[in-house]
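Trainee: sequence plus the predicted model coming up.
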Amino acid sequence: MAVTEKARLVPGVTASARAELPSRFGNFDVVGFTTTNGDEFAAVVKGDVDGKAGVPVRLHSECFTGDVMGSLKCDCRDQLEAALNFLGRSERGVVVYLRQEGRGIGLVNKVRAYALQDQGMDTVQANEALGFEDDLRRYDEAAEAVKALGIESVVLMTNNPKKIEGLRRAGVAVVGTLPVRTPPNKHNAFYLETKKEKSGHLL
């Protein structure tokens, strides 16, 4: 879909704006999406993905502490940069950036969870202590964004089986996966082990 092409509509999500985005990872387009309830999120797109099969796609949940501030407590920024570096070298691909901070519990509650982790809890225990499930994220809107971009099928860049299940449940053909594995550090090793043992991540 060209920058000037009319936005494609799908139920619940509209591709409302598109522009070129040169970046340190390569030349992309950025696509802004709006939902029927007024929420906004975006994707970066490398190359021509309209009508294409087997497109590498990364669903990345917003992480203020990691993506923006460079926190060492998680691997979010490492995974995002690994995905963008990969797509920068590829013919085509997409990163959908979802506004689902703290696995869906929001930024302030995520900071509260961090405080509980400082006291010895793991990420799952901290969320549960605050009255939340381990992971509240949904992938319906991400699926609609993939459809809005005209993608026929995806190779999902993930370690998380729930993302595969979520996309398939929403009608997106997932024909393969690419792991996004980054080296641990002393601050996130326990976090990564918890993701593997309790959340089923393929690490």
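Mentor: Sure thing, it's come through.
Trainee: what is the three-state secondary structure of the residue nearest the centre of the chain?
Mentor: By Cα atoms, centre = their mean, the mean C-alpha position of the chain lies nearest to His60, the distance being 1.3 Å. Following DSSP: H, G, I helix; E, B strand; the rest coil, His60 is assigned to strand.
Trainee: residues touching it, list them.
Mentor: Contacts for His60 were tallied using Cβ atoms under 8 Å, 6 or more residues apart in numbering; they are 76, 79-80, 83, 95-98. Backbone N, C-alpha and C define where each C-beta goes, glycine included.
Trainee: now do the strands in the chain.
Mentor: 9-10, 13-23, 26-35, 40-46, 55-61, 93-98, 154-157, 174-178 (DSSP state E).
Trainee: any idea how far the longest one is from the chain center?
Mentor: Shown here is strand 13-23, whose average C-alpha point lies 16 Å from the average C-alpha point of the whole chain (Cα atoms, centre = their mean, to the nearest Å).
Trainee: ranges for the helices of the protein?
Mentor: With DSSP state H as the criterion, the chain has helices at 76-88, 107-118, 123-129, 140-148, 161-169, 189-199.
Trainee: closest one of the contacts of His60 to Ala142?
Mentor: Nearest to Ala142 among the contacts of His60: Val96, at 4.9 Å, using Cβ to Cβ.
Trainee: quick one, grab the pLDDT at the residue lying closest to the closest one once chain neighbours are set aside.
Mentor: Closest residue in space to Val96, ignoring its immediate chain neighbours: Ala43 at 4.5 Å, by Cβ to Cβ, 6 or more residues apart in numbering. You'll see Ala43 listed with a pLDDT of 97.
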